[in-house]
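>>> sequence? don't have it. structure:
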């Protein structure tokens with residue numbers, strides 16, 4: 001995983017790298033993601049789907065003690081996550097580039113209304 005263009009890093013122009021892994025649990029009922037990079041929180045995501053509606057939810061928790069719930073979708077090679085919380089709306093958009101790379105951007109609305117760039121991410125599958 002590569003994190004870049006992040007104002008919260010000591011050097012916002014730096015690119016930092018760290019591990020990311022994805023693992024199916026409970027016979028494929030949930031997907032767990034673990035990730036972190038130097039200078040960024042270590043996080044764990046639990047991804048699940050509502051069988052009746054087909055909607056995905058992501059429960060997020062990180063090393064700062066922050067927890068959030070996101071809606072999620074996958075359509076035509078685009079992975080999206082979002083939350084419309086009044087205090088901090090956020091969105092993630094990742095585009096699959098072949099089978100081994102995802103190029104993504106997080107946006108946040110620190111004013112509670114207008115989403116703006118927060119940071120970029122790149123996931124690359126290691127063989």
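Noted; the coordinates are in hand. Everything quoted here is computed from the prediction, not taken from an experiment.
>>> give me phi/psi at residue 28?
Note on residue 28: its backbone torsions stand at phi 90, psi 10 [degrees, to the nearest 10].
>>> How about the one 10 residues further on?
Dihedral angles of residue 38 (phi, psi; degrees, to the nearest 10) stand at phi -60, psi 130.
>>> show me the contacts for it.
By CB atoms under 8 Å, 6 or more residues apart in numbering, the contact set of residue 38 is 16, 17, 18. Glycine gets a C-beta too; all of them are placed from N, C-alpha and C.
>>> mind running it again at 10 Å?
3, 9, 10, 14, 16, 17, 18 (CB atoms under 10 Å, 6 or more residues apart in numbering).
>>> swap in residue 98?
77, 125.
>>> Next, give phi and psi for it.
phi 70, psi -150.
>>> how much space between it and residue 62?
Applying CB to CB, to the nearest Å, the value for residue 98 to residue 62 is 29 Å.
>>> what's across from the closest residue to residue 77 other than its chain neighbours in the sheet?
Distances taken as CB to CB, 6 or more residues apart in numbering put residue 96 closest to residue 77, at 4.4 Å, once the chain neighbours are dropped. With DSSP bridges as the criterion, residue 96 is bridged to residue 102.
>>> same thing with residue 44?
residue 34, residue 61.
>>> That one reaches residue 31, doesn't it?
No. Checked against CB atoms under 10 Å, the pair residue 44 and residue 31 is beyond contact range at 11.4 Å.
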